[in-house]
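In: Give me the fold of what follows.
(2 chains)
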Amino acid sequence: MRRTPGVISRDLAALAGFGAVALPGVLPLPVLVIFPFALILSLLDIRPLAGRRTASVIVLLVIALGLFGAVATSALDLVIAAVSFATLVTCHRMLAEPTPQASRQVLLSGLLLVSGGAALTGEVLFAVLLVAFFLCASWSMAWLVLAADEASVDSAERRAISRQLILGSLATLVMALAFFVVFPRLSWNLANRRAAPGLGGQTGMSDTVRLGGGGDIKTSARVAFRVSLIPDPRSERLESYWVGRHFDVFDGAEWRSSGTPATPSSVVGLHRGAQRSLNQVSQEFETTPAYGSRTLVALDTPTFFARARSISLSGMVPMALIHVPGDQIFGAIDSNALSYAATSDQLSRIDRTPPDPVGGLAVPNLDPRIATLATELSGGATESLEIAQRLERELKRRYEYTLELPGDVSDPLADFLFTRRAGHCEDFATALAIMLRLQKVPSRVVTGFYGGERAGDRYVVRSGDAHAWTEAFVDGAWLRLDATPDTGRAASSNAWTAAFTNAWERLEAWWRARVMDYSFQDQVSFARQLVRPSRASAPEAEASSPLGTRVPLGPAVLVLVGAGLLVLAVQRLRRRAPHPASSFLEELEARLKARGVTDVATVPLEELSASLARSGHPLSPAVARATRRYLEARFTNRPLEARERRALLAALETSNG
Amino acid sequence: MNATDLLKKLHVHLGQVVLGKPEQTKLALTCLAARGHLLLEDVPGVGKTTLAEGLARCFALSFGRVQFTADLLPSDILGSQIFLPQQGTFEFRPGPIFHHLVLADELNRAPPRTQSALLEAMAQGQVSLDGVTRKLPAPFTVVATQNPLDLAGTYPLPDSQLDRFLMRLSLGHLDPAIEAELIISRRGDPLHALTAVATADELVSIQVAADRVEVSRDVADYAVRLAHETRSHAEIERGVSTRAVLALISAARAWALWEDRGFVSPGDVRAVLKPSLSHRLVLKSSMQGAFSREEAGHLIDELTRRVPAPR
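Out: Residues are numbered from 1 along each chain as shown, chains lettered A, B, ... in the order given. Model prediction:
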């Protein structure tokens, strides 16, 4: 057994297992490199470790000792060390002589990898890899059994076995889906306590705004948070600004906030002096691990934050909020996901906090051309509002949006304004803020998100929607200004990737709703609904969309289909398909009955033929021939041809009886 | 001449001495073809001995007869060492078992020790005496008879020993018309008139032909399901063993020869089912003798109706 289907599907199963642990991005680099190398060698049937068992095992043991040492000195997480070692063992067995035993060992260590992956990640991609692993592994094992006895298996039998395998795989798939649905909370994120999104994108929300550097923030379509709004704006796309925090100190390359944090509390109110208005919007937020930040956002202008909870293994834990300068609110607990409620006042300019008399106008030592440009762009306006609006308009008109980042330059602002004449939102926001200050209008930079699209009865905001804009203190209140050209505000992606990411989002939403966030209570209510479907809630369930509510129909259908497939498979295994010759027997018996041989119903054909012969029945010779031929066709390898079959049956008709 | 023609010729030939019992003689020949031992259970005077001796004669087999009695010793069957004073040595004098076909008349009259000596020879095809193992002639067949009614002073065979017989047959009384014909035609011992139509080697060739008969998976399953049904039947204390299923299939193989078939059909299994299995069942009612035999026969009929044959 060299490159048999069994060995190849074994290697693919190992790849799926490796993918499950590589997904969270926590594996040490050498391990990440070794596995693809070993996989390629194995697929090319190059087995350098064949026959070098002792030496290679000693090397493995040394590596194990090293990993143990790293764990003991807490340089490495235990789970990561374990999966790293399992990966190396998998490689080792893959590169050894491909005996059935080695293959089974590969599959076993692959299983270890998959379980390690379950401890590390809850991504929907993990579920996909899990299913891939089990499919490949079961195929591999089936082929191992076949290959052990290959000579005795002919092609027809192999086809029959393949059919059974496909049926079994389908049943497994459906049952696996049902399993995911029924069991809650798959991921424990053991070694991944700090949100490290792995394949996920960054939100662009960070503690500082730094110009320059590199990245590809805007294209990430991963959901950063979901939010439900009251009142519901009922539009497909929101053109809203979600405020994260303000920055008021710029040092030429980086924005910071000044001041000291307040004590934690469970409720934070901003802008206390403002009156309650009719423009208030309540929001219920739920962030995803892709959000990657502890800062809470809310629609512009946020006034109130409460009911913050950290979502973790043990469920929802109430969490205190910390109010830091820059009106930044963040959760006291570092967790993968948050939920909280916020209230915003959307239309009125209620933020009347006066800017710091010095800081609000402070400008670092900058290229003198910027001041000239600011005067030029403001076009001689004297009113603060007019200056602000002109600068915003001119920047938007004269500069282009680009996602290409300049890399590290000494003066990123001058680079943007005079060299590249193109930049991203942070460049525009900074340029506008600095020019406003140079024109003696107090200003600050705000980071957060822009946009939001409807998904069910909620809105989702993606990582790529991260944005930065400017606020100017005009007429005693902060005015929002956005100098970024319209093309660069929301996430940009082409139609194909949008279609793919949409499908992926839907799968992920399903995954989150059914698996990750599926709690014990959900299970109980699901079971209750199965037992006693409530009539009153049916129209409601129809009215609302499938994403937001837990309609148990899907899982119920899955479970039923799975059970049905299983029963079918078992039945098929138990009772094989009727033999081709059996139909001949049935036809023969029907003809005999038609000819008046009534014993056919009770006496088996062989005995009937013998008794006809004894009694000298005229049909006897024809029946004897047909019986003998039937027995041959049924119990030996002499199939009955259609013509012979017709001739034998015709003989019954022509005999005089 | 192939095995089928030979068997049919023997069947006709044997029918000249065992009148009116075509089914039983056919089964007896099948039993021989399957290398099996035969147990004839019937009242005296219905032709058990005639059948056994007839079988021996038409194959030209050497024939030994042992009348089992309460004082019969193992050495009476197996043979013994005789001291020869002239040479001053012992010489082995073989017993009646050293024949191709041995008739063990009224087997249940001998004590268990003697019975077991015979039964061991049946199982092994050899005899061990005083540390020397002597091969029995091949082919070797034992035809034993039992009287099922006159049970006084008998030692019923234990189940394990009954298991060694491939088939149990009973001849039963003759049809009156045939009985009358027999009385008219009978002059002297008809066995003397019976000439050999085959040789011991031809019997061996028939046995080899039976071995070559194929058994398909479906038929094997059918036999196993039948056997399994005896094990779970409410009125059966103990069902049949795996050895019994093996015996059933080897009998069915031999039966397939009658139809000149190279494979076993479900009908073959049914044909030999009652003679091959009925004596191996231990019934809950634990009736001995004729009644037990009929009861077992009925149960097996019921099983064949209940267990669906492969179609």
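In: C-alpha only now, for contacts and for neighbours.
Out: Noted.
In: What residue in the chain is the furthest from its centre?
Out: Went with chain A since none was named. residue A:616 (77.8 Å; C-alpha atoms, centre = their mean).
In: could you do chain B instead?
Out: Distance from the centre of chain B peaks at residue B:86, with 42.9 Å (C-alpha atoms, centre = their mean).
In: what kind of secondary structure is that one in?
Out: Secondary structure, DSSP: H, G, I helix; E, B strand; the rest coil: residue B:86 is coil.
In: Identify the residues contacting the residue most central in space within chain B.
Out: Most central in chain B under C-alpha atoms, centre = their mean is residue B:38, positioned 0.8 Å from the mean C-alpha point. For residue B:38, the contact set (C-alpha atoms under 8 Å, 6 or more residues apart in numbering or on different chains) comprises B:28, B:31, B:141, B:142, B:143, B:144, B:165, B:166, B:167, B:168, B:169.
In: confidence score at the residue farthest from the centre of chain A?
Out: Residue A:616 is assigned 87 on the pLDDT scale.
In: give me phi/psi at residue 62?
Out: You didn't say which chain, so I picked chain A. The phi/psi pair for residue A:62 (degrees, to the nearest 10) reads phi -60, psi -40.
In: Skipping its backbone neighbours, what lies nearest the closest residue to chain A within the stretch 101-250 of chain B in space?
Out: Closest approach between the stretch 101-250 of chain B and chain A, counting by C-alpha to the nearest C-alpha: residue B:216, at 5.8 Å. Distance criterion C-alpha to C-alpha, 6 or more residues apart in numbering or on different chains; nearest residue to residue B:216, sequence neighbours excluded, is residue A:635 at 5.8 Å.
In: from what I can see the one you found touches residue B:266, true?
Out: No: using C-alpha atoms under 8 Å as the test, residue A:635 is too far from residue B:266 to be in contact (9.3 Å).
In: Mutual contacts of the two, please.
Out: residue B:219.
In: Return the set of buried residues in the one helix or strand in chain B whose mean pLDDT sits lowest.
Out: Of all helical and strand segments in chain B, the minimum by mean pLDDT, DSSP states H and E falls on helix B:190-193, at a mean of 76. For helix B:190-193, the neighbour count (16 or more other C-alpha atoms under 10 Å in any protein chain shown) marks residue B:191 as buried.
In: Can you give me the buried ones in the very next helix or strand once past that helix?
Out: Note on helix B:190-193: by DSSP states H and E, the next helix or strand toward the C-terminus is helix B:200-211. Neighbour counts over helix B:200-211 (16+ other C-alpha under 10 Å) mark B:200, B:202, B:203, B:204, B:206, B:207, B:208, B:209, B:210, B:211 as buried.
In: same question, stretch B:174-186
Out: Buried residues in stretch B:174-186, defined by neighbour count with 16+ other C-alpha under 10 Å: residue B:182.
In: Now do the same contact list for the residue nearest to residue B:216.
Out: B:216, B:218, B:219, B:263, B:264, B:265.
In: Let's see the pLDDT reported for it.
Out: Residue A:635 is given a pLDDT of 87.
In: ok, now the one 10 residues further on?
Out: According to the predicted model, the pLDDT of residue A:645 comes to 86.
In: next one: residue A:160
Out: If you check residue A:160, the pLDDT there is 69.
In: what does residue A:119 give?
Out: On the pLDDT scale, residue A:119 gets 73.
In: which regions of chain B sit below the pLDDT cut-off?
Out: For chain B, applying pLDDT under 70 flags the ranges B:286-293.
In: Now do the helices in it.
Out: With helices called from DSSP state H, chain B shows them at B:3-15, B:22-33, B:48-58, B:74-78, B:112-124, B:159-162, B:176-185, B:190-193, B:200-211, B:217-232, B:242-258, B:266-277, B:290-306.
In: Distance to residue A:458 for those - can I get that in JSON lines?
Out: Listed next are the helices of chain B as JSON lines, based on distance: least, C-alpha to C-alpha, whole Å:
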{"stretch": "helix B:3-15", "distance to residue A:458": "86"}
{"stretch": "helix B:22-33", "distance to residue A:458": "84"}
{"stretch": "helix B:48-58", "distance to residue A:458": "95"}
{"stretch": "helix B:74-78", "distance to residue A:458": "98"}
{"stretch": "helix B:112-124", "distance to residue A:458": "85"}
{"stretch": "helix B:159-162", "distance to residue A:458": "80"}
{"stretch": "helix B:176-185", "distance to residue A:458": "99"}
{"stretch": "helix B:190-193", "distance to residue A:458": "105"}
{"stretch": "helix B:200-211", "distance to residue A:458": "79"}
{"stretch": "helix B:217-232", "distance to residue A:458": "62"}
{"stretch": "helix B:242-258", "distance to residue A:458": "70"}
{"stretch": "helix B:266-277", "distance to residue A:458": "69"}
{"stretch": "helix B:290-306", "distance to residue A:458": "65"}
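In: With respect to residue A:463, which of the ones you listed lies nearest?
Out: helix B:217-232 (64.1 Å; C-alpha to C-alpha).
In: Any chance you could list what contacts that closest one?
Out: The contact list for helix B:217-232 (C-alpha under 8 Å, 6+ apart) reads A:635, B:236, B:238-241, B:245, B:248-249, B:264-266, B:269, B:281, B:303-304, B:307-310.
In: Now do it against helix B:242-258, angle only.
Out: Angle, helix B:217-232 to helix B:242-258, by axes from the mean of the first three to the mean of the last three C-alpha atoms, to 10 degrees: 140 degrees.
In: Can you give me the buried ones in helix B:217-232?
Out: B:218-220, B:222-231.
In: Over to stretch B:272-287?
Out: B:272, B:273, B:274, B:275, B:276, B:277, B:278, B:279, B:280, B:281, B:282, B:283.
In: Just want to check the distance between the first one and chain A.
Out: Which is residue B:272. Residue B:272 is 13 Å from chain A, where distance means C-alpha to the nearest C-alpha, to the nearest Å.
In: quick one: that residue and residue B:248 touch, right?
Out: Yes: contact criterion C-alpha under 8 Å: residue B:272 and residue B:248 qualify, at 6.9 Å.
In: So which helix or strand of chain A has the lowest pLDDT on average?
Out: helix A:537-543 (a mean of 41).
In: After it, which helix or strand is next?
Out: Going down the chain from helix A:537-543, the next helix or strand is helix A:553-574, by DSSP H and E.
In: From the contact counts, what lies against that next one?
Out: With contacts defined as 3 or more C-alpha pairs under 8 Å, 6 or more residues apart in numbering or on different chains; DSSP states H and E, helix A:553-574 has these neighbours: helix A:155-182.
In: what's around the residue nearest to residue B:64 when sequence neighbours are not counted, how many residues?
Out: Among residues not flanking residue B:64 along the chain, residue B:102 sits closest, at 4.7 Å (C-alpha to C-alpha, 6+ apart). As a burial measure, residue B:102 scores 24 neighbours (other C-alpha atoms under 10 Å in any protein chain shown).
In: for residue B:102, what are its contacts?
Out: B:63, B:64, B:65, B:66, B:96, B:140, B:141, B:142, B:143.
In: Now those in CSV, please, with extra columns for distance to residue A:245 and neighbour count.
Out: Formatted as CSV, the contacts of residue B:102 follow (distance: C-alpha to C-alpha, whole Å; neighbours: other C-alpha atoms under 10 Å in any protein chain shown):
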residue, distance to residue A:245, neighbour count
B:63, 115, 20
B:64, 115, 19
B:65, 115, 20
B:66, 114, 18
B:96, 114, 19
B:140, 105, 23
B:141, 105, 24
B:142, 106, 26
B:143, 107, 27
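In: Let's have those in a markdown table, adding distance to residue A:645.
Out: Putting the contacts of residue B:102 into a markdown table (distance: C-alpha to C-alpha, whole Å) gives the following:
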| residue | distance to residue A:645 |
| --- | --- |
| B:63 | 50 |
| B:64 | 52 |
| B:65 | 53 |
| B:66 | 55 |
| B:96 | 56 |
| B:140 | 45 |
| B:141 | 44 |
| B:142 | 46 |
| B:143 | 45 |
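In: closest to residue A:92 among those residues?
Out: residue B:140 (62.3 Å).
In: Provide a list of residues in contact with that closest one.
Out: B:35, B:99, B:100, B:101, B:102, B:125.
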